[in-house]
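*Asks:* quick one: sequence plus predicted model below, questions after.
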Amino acid sequence: MLPPLFPWLMKDFGLSYTELGLLMTTFFVISGVGQALAGFVVDKVGSRPVLFFGIGLLALSGIVLGLSNSYSMLLVTAAVAGLGNSIFHPADFTLLNRRVAQPRLGHAFSAHGVSGSLGWAAAPVFMAGVATVAGWHAAGFAAAAVGAVVLVILFLRRSMLAYAATELVVPSHAETAEAAGAKPHQLNFLRSVPVWLCFAFFFFSTGAFGILQSYTPAILGNVYGVSLVVATGSLTAYLLGSAAGTITGGFLASRNDRNDRLIAIALGFAASMALVLASGQPAAALVIPIMVLMGFGVGVAGPSRDLLVRRAATSQFGKTSFGRIYGFVYSGLDVGLAMSPLIFGPVLDAGHFQAALAGVAIFLVAAMLTAMRVGVVARDHTVGGHELSKARG
């Protein structure tokens, strides 16, 4: 909702790239903290009410944006939207793990990721289009309307989510009689090396996207001299490429037990595309195709990433811990998205636009190396975890 409106917000409020980055940092810091906490709520009360709460807040954030008349109100917009955004991974992935059979999880994660990529791809066109025709205030209200429609659809189809919500509540009630012993157990996942490695993986991989999400129009406009329309369209092209890659990755993930290797190949390819752009050598006409290829590489890694997280982070703790583990691990996503605008906003203010593209490549390489390590540790812990369960039994 916010990044596509940055050109209008900069003009109306006289904002710097650093101040724009602070908006996104506010969004993702609140989303990250909220996501880690939302996982516990999902494990306790189920996914459905948490999902409704988050969608409602996102719709509200659009209204706040539409009413904004100062930078402080933009910060409030980012905060409300961040809290709404915080529920997605704990609620969504718990639902998928509860409702989808294991052999089809790769395809389910792929469909889930594709829908997200299409939403990200539509946002710049939708928000910038409405802002061009009717102003950025109207774009905020339009975003609120989208959120309201989604909330109504979810409410009307709430029976589809009832089974997962009911099943999740039962273990929580069963554990209340032993509350003193349950509290330490609920935090035991923080001692798991795979959990922290998955957190680091999301930090690096989404740190790369945070740069592109917030600054692609400015970066490509300055490095390649393309228009705002083309630069904004290149981000949409990246996200469409990511959607295509996610579909492909779903089929590859379901046929490949070594998810870490597939992730490494895909992210390595994406990093090489980022370096090509950072060189400034390609013709301007090649910018969009290169962005598509970079997005495709990141997208291919998506379903394998989600399966790797499931195996690495939940194998030791069982189904009743899905919410809290997914919430914590995917909060690394928000931390990466929060930090990258703060790090690279000053870089852009200093005029080093190619350095920001090099930063995308560095983050992707770090994510690739972390994924490889996650795979090794996950395999070790899976074997060790089975042996430990047998010993305790």
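*Replies:* All right, it came through fine.

*Asks:* just give me the residue closest to the centre of the chain.
*Replies:* Central residue of the chain (CA atoms, centre = their mean): L333, 5.5 Å from the mean position.

*Asks:* so which strand or helix has that residue?
*Replies:* According to DSSP states H and E, L333 maps onto helix 322-349.

*Asks:* which parts of that helix are buried?
*Replies:* Residues 322-345, 347-348 are the ones in helix 322-349 that count as buried (16 or more other CB atoms under 10 Å). Using the backbone N, CA and C atoms, a C-beta is placed for each residue, glycine as well.

*Asks:* for the residue nearest to the centre of the chain, give me its contacts.
*Replies:* Counting by CB atoms under 8 Å, 6 or more residues apart in numbering, L333 touches 32, 35, 89, 202-203, 205-206.

*Asks:* check the spacing between P7 and R324 real quick.
*Replies:* Note on P7: its distance to R324, by CB to CB, to the nearest Å, is 39 Å.

*Asks:* now S159
*Replies:* S159 sits at a distance of 26 Å from R324 (criterion: CB to CB).

*Asks:* one more: L83?
*Replies:* Taken as CB to CB, the span from L83 to R324 is 18 Å.

*Asks:* with L96 instead?
*Replies:* Following CB to CB, the distance that separates L96 from R324 is 16 Å.

*Asks:* tell me where the stretch 1-150 of the chain has helices.
*Replies:* Per DSSP state H, counting those that start in this stretch, the stretch 1-150 of the chain carries helices over the ranges 6-13, 17-45, 47-67, 71-85, 88-99, 105-134, 136-156.

*Asks:* can you give me the helices in the stretch 251-393 of the chain?
*Replies:* Taking DSSP H, counting those that start in this stretch, the helices of the stretch 251-393 of the chain run over residues 259-279, 287-314, 322-349, 353-392.

*Asks:* mean pLDDT and distance to S214 for those helices - can I get that in JSON lines?
*Replies:* Formatted as JSON lines, these follow (pLDDT from 0 to 100; distance: least, CB to CB, whole Å):
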{"stretch": "helix 259-279", "mean pLDDT": "91", "distance to S214": "15"}
{"stretch": "helix 287-314", "mean pLDDT": "83", "distance to S214": "15"}
{"stretch": "helix 322-349", "mean pLDDT": "80", "distance to S214": "5"}
{"stretch": "helix 353-392", "mean pLDDT": "74", "distance to S214": "10"}
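
*Asks:* ok, which of these comes nearest G225?
*Replies:* The minimum distance between G225 and those falls on helix 287-314, with 10.1 Å, by CB to CB.

*Asks:* what residues sit buried inside stretch 255-274?
*Replies:* Judged by neighbour count using 16+ other CB under 10 Å, the buried positions of stretch 255-274 are 259-260, 262-271, 273-274.

*Asks:* rewinding a little: now, the most widely separated pair of the contacts of L333?
*Replies:* Applying CB to CB across these, the maximum distance is between Q35 and S205, 15.6 Å.

*Asks:* neighbour-wise, which of the two wins?
*Replies:* Counted by other CB atoms under 10 Å, Q35 and S205 do not tie: Q35 has more neighbours, with 30 against 27.

*Asks:* touching, that one and V335? I think so.
*Replies:* No: Q35 is not in contact with V335 according to CB atoms under 8 Å; the separation is 9.7 Å.

*Asks:* shared neighbours of these two, which are they?
*Replies:* In contact with both Q35 and V335: no residue, using CB under 8 Å, 6+ apart.

*Asks:* low pLDDT regions in this structure?
*Replies:* In the predicted model, the chain carries pLDDT under 70 at residues 162-187, 256-257, 312-322, 378-393.

*Asks:* put the alpha carbons of stretch 112-121 into CSV.
*Replies:* Coordinates of each C-alpha in stretch 112-121 appear next as CSV, following Å, rounded to 0.1, in the frame of the first residue of the first chain:
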residue,chain,number,x,y,z
HIS,A,112,-0.3,-19.6,-1.3
GLY,A,113,2.9,-18.0,-2.5
VAL,A,114,1.6,-17.3,-6.0
SER,A,115,-1.5,-15.5,-4.6
GLY,A,116,0.8,-13.4,-2.4
SER,A,117,3.1,-12.6,-5.3
LEU,A,118,0.1,-11.6,-7.5
GLY,A,119,-1.1,-9.3,-4.7
TRP,A,120,2.3,-7.7,-4.4
ALA,A,121,2.5,-7.3,-8.2
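
*Asks:* what does it contact?
*Replies:* Under the criterion CB under 8 Å, 6+ apart, residues 92, 96, 213, 236, 239-240, 242-243, 246-247, 249-250, 299, 302-303, 306 lie in contact with stretch 112-121.

*Asks:* need the max-distance pair from those.
*Replies:* The most widely separated members of these, counting by CB to CB, are L96 and T236 (26.2 Å).

*Asks:* the helices of the stretch 1-150 of the chain: which one's closest to Q354?
*Replies:* helix 17-45 (15.0 Å).

*Asks:* report the buried residues of that closest one.
*Replies:* Of all the residues in helix 17-45, those buried under the rule 16+ other CB under 10 Å are 17-44.
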